[in-house]
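>>> what shape does this take:
(3 chains)
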Amino acid sequence: MRFGLSEAAWCGRFACRTSDIIIVLHSSAFDWTSCVAPVTVMATATSRPFEYLQSLPGVTLRKLYQQPSTALAIFRRMLPDLAKCFVMALLYLQGPFPQDDLETWVKSESKKQRDDAIDILKRLSILTHPNPVIDKVIEEKTEREQGGKQKKTVRLPAYQVTKEFARSLQQALMGSENSHSFGVFSQGPDQTPVSIADLDDYARRQWEGVLGYMVGTDALGGLREVKLSNGVKQLLQAGHLVEIRDRRVDITKDGFGFVLQDVNTQVWHILILYVESAEAIGMDSVEVLSFLFLLSSLELGQSYEKRHLNEVQLRTLADLSDFGIVYQDNPDAPCFYPTRLSTTLTSDSVALSNPVAGSITGPIGTSSGGSTGFIIIETNYRLYAYTSSPLQISLISLFTNLKYRFTNLVTGKITRQSVRRAIEMGITAEQIISYLLTHAHPQMRKHNATYSTSNASGIPPSVLPPTVTDQIRLWQLERDRLRATSGFLFKDFSAFNEYLAPCQHAAEIGVLVWKSDRRRMFFVTEHKQVAEFLRSQNRPQ
Amino acid sequence: MADSDEEYVGEVTDDEDDFQVSRTGPERRSKRRKQRGGAEWELSRTWETLVEGADGTISSTVEGLLEAGKRKRLLKDTTPLQRGIIRHLILTLDLSQSMSEKDLRPTRYLLTLRYAQEFVREFFEQNPISQLGVLGLRDGLALRISDMSGNPTEHLTAIQALKPQDPKGLPSLQNGLEMARGALFHTPSHGTREVLILFGSLLSSDPGDIHQTINTLVSDQIRVRIVGLAAQVAICRELCTRTNGGDETAYGVALNEQHFRELMMDVTTPPATDSQKQSASSLLMMGFPSRTMDSAPSLCACHSNPSRGGYKCSRCHSKVCSLPAECPACGLTLILSTHLARSYHHLFPLINWVEVPWRRASKSAACFACGIPFPPAPPENQWSMAEGHAKGMSVSSRYECTACKNHFCIDCDLFAHEVVHNCPGCQSKSTRPLEAQSDTAPAVDGMDTTV
Amino acid sequence: MNSVDASEHYEQAATDLAPALLTVIIDTNPHAWAQLEDSLSLSKAIANILVFINAHLACNYANEVAVVASHSQKATWLYPVHQDKDTTTSSDQDGDISMNGASAAAAAAAAQQTNKYRPFRMVEEQVNRNLRELMNSTTDNDLRLTTSTMLAGALTLALSHINRRTIAWAEAHGGADLEDTAANGAGGGSGGPGTARYSAEDDERLQSRILVVSVSGSSDSAHQYIPMMNSIFACQRLHIPIDVCKLSGDAVFLQQACDATKGIYMCLDNPGGLLQYLMMAFLPDQRSRRHLVLPTNVNVDFRAACFCHRRVVRTGYVCSICLSIFCEPPPGTVCLTCGTQLELGDYGAKPALLPRKKKKKKRVNGSAAGTPMSTPTPGP
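Down below sits the predicted model:
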């Protein structure tokens, strides 16, 4: 490569291996970024609803807060403990709460948590600051105008709960106003009451149908016929969870991450996609969103009137029933039933505390049993899964070498090859581990928890054998030995001194990544300053 | 050497037995024989008690066994006894070579130290106005680890300081006992005098005749309890039986870590005392000071340290910084009333609840305290079938408080007897009207009437 | 840390944390409420407490609540009431009939009212109904006989419920149960469980706490001294804080309860502002409390109740056998509790609490072999 000095800056990709260095050209066949990208995507996936809400402008949020059910759901689901304390403490306060007081209320060593809490509250427009204070001061001024004391009023920064949020939350707590925010029971006796078991069955069937469509379990056979509407398929495609290539459904890397998550996260993921796409088809996203929160506060096994719903809500309802989030006998039925998928939307510890979500992902046929997990892993990497669901089996087979299959049990072994295979498909170690954790058999939870407490070793008890989780991570790291850095290589210096000066300069300004004195070349992330430096050096000569 | 090992050398044992303790002679030996036949755990065949249920599984039997096990723990004697609430105890730790064995994890030594710390905490929890001292046996010497005092933290730090040291040498029981006797000799007669030895060795290397020491211990009314870590040692058993008036239960050998802990924790319960033997019981005057917080720091009377908070002596108002203590100015014993109250459940234990047969079971459908539903009564002809398949366990899963006649589940039974020491039923209904009618009727519940 | 990163915050909030179980004990002593009528009536207080309970339930999906009434002649559950009760207890049949009627009516009303989140409504209805029932069942005779409240019983009931829920939770989630933590945390010395004993393990079990809304004075509860203390120690062992919201009077034993269990004690100057006090001071659960500066009660009254006249005393005489407390030497110097003849002479003197630090005691029995020198013989 014989470039002049001025052209020494060329775009390349730089990767360092533990010991030696490889320069990877831009045109390299392998795209390094793509194997890193899913990690970041998935890490934030759990906080999807939160992120989405945060991205909304304050006005929209305030509009959302007008529904008590929304205020309640957001309060419960989105806020950290300390923020909840703040909101509740300020909720019934007459005036704003001085910032200083709030700060002294929190212990000094918990400053970080306090700031986090306040930050979230502000971003969600729940706490406002300092506008209410100014209002307050002005009021006081007018009162005191005659006394001429207005200069004494101090403009202390203070916090106040946003009016809309405060009113709605108060309403939720006290139930004062007639807003139908928590749904209306159907009045007349239902001809065909739907039992909770039936609802669970319906929800599970629909949801597994969606997942099965993505994973392509049809290929594995044994999947019952679930008809998915076009809307569902389009939504999955729009969310880049699946791609359709010549009429065949191919799951994307995002999709793999998606199917391995727990149900609640999946539902939220889909719902956010839905809300986002709602705008496109001319629905008000605020309305849709607040309807979702309404659904989340309904009671399982009860039928609710459709009469009170408006156009947008009815349309949403119809769409959601395709996913199994709500149930209605037929599109024109006068009432609808929420399923577990919707009633548990705003509950926190879904996978663990709800027999509910587990029964959906869990083995088919034991939906009433309330078992939350079915996977047992031993320290020798053997995996036993008490399930007969083709969906679950195909999910497990993504990262396991399955060995035997019985009517209600599959066994297999997690091996280096199987994990590597999964990672090549774009699944991360963390996803595998969190999947295993979510579906761990209760016996594992019990055994491991008691074992480690009696041990009193101070190590937090882990449900999965630490050897297995560590090894899965290590297997992933094996593939991550290369780190790509894009930048510019300077080389072909004629003299050592000529090389040394710019190299040192690069080190000083902090752009140097690698250098080789022997071969007189160095690599930087930013070339402009170095090039300028070289020019200024050349000039005097 | 010989006297510590007698048990294990058949012929020598007999000789020495006759020679030393001729008065107990034959009956004592026969008792021993019986014990040697094997401990309960060696012979029990747990699998034989398993019976297949009607559905072909053993789950019902297993559950029954679990419940019976729970219950066994709890069925203890609840006749109100005089107990030695004010105790003086010397905790003696074996720090000899044999403690470096690893049969108890991580080593006997470290485990013993850890349990010793737990023991100290629990001891003061249960016996807040008692005194404790710690000794160690190492290199044939008795070491003083911490002096007699009522302050748990002193002992805890002293024991903690042992951790980096290594156990070495041989233990001398006699030296340890003599030192303990010295420490206990001056304790007042209204308290108990006890020694607890955690003994990991199979021998004791003594400078003199340990039997003499035992005699003096007996005459000084010092009771010795031993928890062995290796195997039963004859001298230990003799020591315990003699000093405890023939009670052999004072000597226990730990089977495993858990059992070791249990044996130790048993000692924290105040021992029963015989009122006749108790030479002097006295009325102690005590003050119950309240905690105060001053705006400016002031010196405390006990350590002359400036502090803002403290307790004011209820007689002379001098400030002390921690309780229990003796007022440095007027000598009044200052104590938190909670310290005294902590011992009350030993003195007024909750009566055991009785099993409820199916005949009376229909009275209740759910536990009175926690509301868990009971199994419904089966038809009459099945009553006898289910009867008595596990000892101490109620067929109907109900347990009845004989005072208030309410029914409770096994978990509440355990909880009430082991943790709360209150009967939820008796406490939640006024006993006043009853008292008004008949003052003579004693315990509606053991607690309320005593107050 | 990087406080701009949104996911960071969220992860904190969303980590699976054990829910909280709040048990509210409402002192419904009619005598005390009658005196308080002017500043805060019982019905208003109940309304405030219900809002507070809703707020607690709103904090976490899985949060639980239980309400116990500590009435003048009995302690009873207000929520949750075990449904099958009416078929079992034959004693208050007439009460049951009215209750059934009431519940039917309430159910009908409930169908209409849908502006309330359903879990909130259920608690509210049950509490109101059971309270009404309790008040109706209180006879004049009951009122005449007693002016106190069954606080010890209420605490015991509350603890039993907490025990049950904790076991259930541990079974379902594999956490440590109450006994385990009790065994581990039994220490902490006599001053109470150490503050440093919060561990990850504590976080994993059900977070239980008890709130006592108290109106009765201390002398009323002196006859329950021992059961009260037993419940308090049980709470202390199990790390269950007892919070006390005192509306009138001043209860010695409740102060001690808060002190021993590290709960919050608050005596309201202005009972009318009950809700705000509840929301601000008593709503945060144990996890949040670690970050907050809590209202502390620095002056704690540690007086005890004597066994003979049930007086609350500052200095007393203690029987060395059974530790009974007397306000004056009992007649005939015989302990009223255990019947021991007591030596009275030296009651002003020091009870030997701290024996002088003696050096090793020499032989007392005068027998030969003195305390042996260290003559370690080598092992076999």
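>>> and the helix of greatest length in chain C, which residues are buried?
Assignment by DSSP state H gives helix C:151-173 as the longest helix of chain C. Within helix C:151-173, the residues scored as buried using 16 or more other C-beta atoms under 10 Å in any protein chain shown are C:151-167, C:169-170, C:172-173. Yep, even glycine has a C-beta here, placed from its N, CA and C like the rest.
>>> send me it as PDB with only the CA atoms.
In PDB, the C-alpha atoms belonging to helix C:151-173 read as follows (Å, rounded to 0.1, in the frame of the first residue of the first chain):
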ATOM      1  CA  LEU C 151     -53.800  -5.200  71.400                       C
ATOM      2  CA  ALA C 152     -51.800  -8.300  72.400                       C
ATOM      3  CA  GLY C 153     -54.400 -10.500  70.700                       C
ATOM      4  CA  ALA C 154     -54.400  -8.400  67.600                       C
ATOM      5  CA  LEU C 155     -50.600  -8.600  67.400                       C
ATOM      6  CA  THR C 156     -50.700 -12.300  67.800                       C
ATOM      7  CA  LEU C 157     -53.300 -12.700  65.100                       C
ATOM      8  CA  ALA C 158     -51.300 -10.400  62.800                       C
ATOM      9  CA  LEU C 159     -48.200 -12.500  63.400                       C
ATOM     10  CA  SER C 160     -49.900 -15.700  62.700                       C
ATOM     11  CA  HIS C 161     -51.100 -14.300  59.400                       C
ATOM     12  CA  ILE C 162     -47.700 -13.000  58.500                       C
ATOM     13  CA  ASN C 163     -46.200 -16.400  59.400                       C
ATOM     14  CA  ARG C 164     -48.700 -18.100  57.100                       C
ATOM     15  CA  ARG C 165     -48.200 -15.800  54.200                       C
ATOM     16  CA  THR C 166     -44.400 -16.000  54.500                       C
ATOM     17  CA  ILE C 167     -44.500 -19.700  54.500                       C
ATOM     18  CA  ALA C 168     -46.700 -19.600  51.400                       C
ATOM     19  CA  TRP C 169     -44.500 -17.100  49.700                       C
ATOM     20  CA  ALA C 170     -41.400 -19.100  50.500                       C
ATOM     21  CA  GLU C 171     -42.900 -22.300  49.200                       C
ATOM     22  CA  ALA C 172     -44.000 -20.600  46.000                       C
ATOM     23  CA  HIS C 173     -40.800 -18.800  45.300                       C
END
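>>> could you list the domains of the chain?
No chain specified, so I'll use chain A. A:5-35+A:485-538, A:48-174, A:196-343, A:373-478 (automatic domain parsing).
>>> switch to chain C, that's the one I care about
C:17-289, C:303-350.
>>> sorry, back to before: in CSV, list the domains of chain A along with mean neighbour count, distance to chain C and mean pLDDT.
Converted to CSV, the domains of chain A look like this (neighbours: other C-beta atoms under 10 Å in any protein chain shown; distance: least, C-beta to the nearest C-beta, whole Å; pLDDT from 0 to 100):
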stretch, mean neighbour count, distance to chain C, mean pLDDT
domain A:5-35+A:485-538, 15, 20, 66
domain A:48-174, 18, 4, 76
domain A:196-343, 19, 5, 79
domain A:373-478, 18, 3, 81
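>>> of the ones you listed, which is nearest residue B:210?
With C-beta to C-beta as the criterion, residue B:210 lies closest to domain A:373-478 of the domains of chain A, at 37.1 Å.
>>> which helix or strand contains residue A:76?
Counting by DSSP states H and E, the element that carries residue A:76 is helix A:68-78.
>>> who are the packing partners of that helix?
helix A:48-55, helix A:163-174, helix A:285-296, helix C:42-59 (3 or more C-beta pairs under 8 Å, 6 or more residues apart in numbering or on different chains; DSSP states H and E).
>>> how about those helices in a markdown table, adding distance to chain B?
Shown next, in a markdown table, are the helices and strands packed on helix A:68-78 (distance: least, C-beta to the nearest C-beta, whole Å):
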| stretch | distance to chain B |
| --- | --- |
| helix A:48-55 | 37 |
| helix A:163-174 | 27 |
| helix A:285-296 | 29 |
| helix C:42-59 | 19 |
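>>> any stretches of chain B with poor pLDDT?
The model of chain B has pLDDT under 70 over residues B:1-84, B:273-281, B:324, B:382-393, B:430-451.
>>> quick check: longest helix of it.
Determined from DSSP H, the single longest helix within chain B is helix B:108-126.
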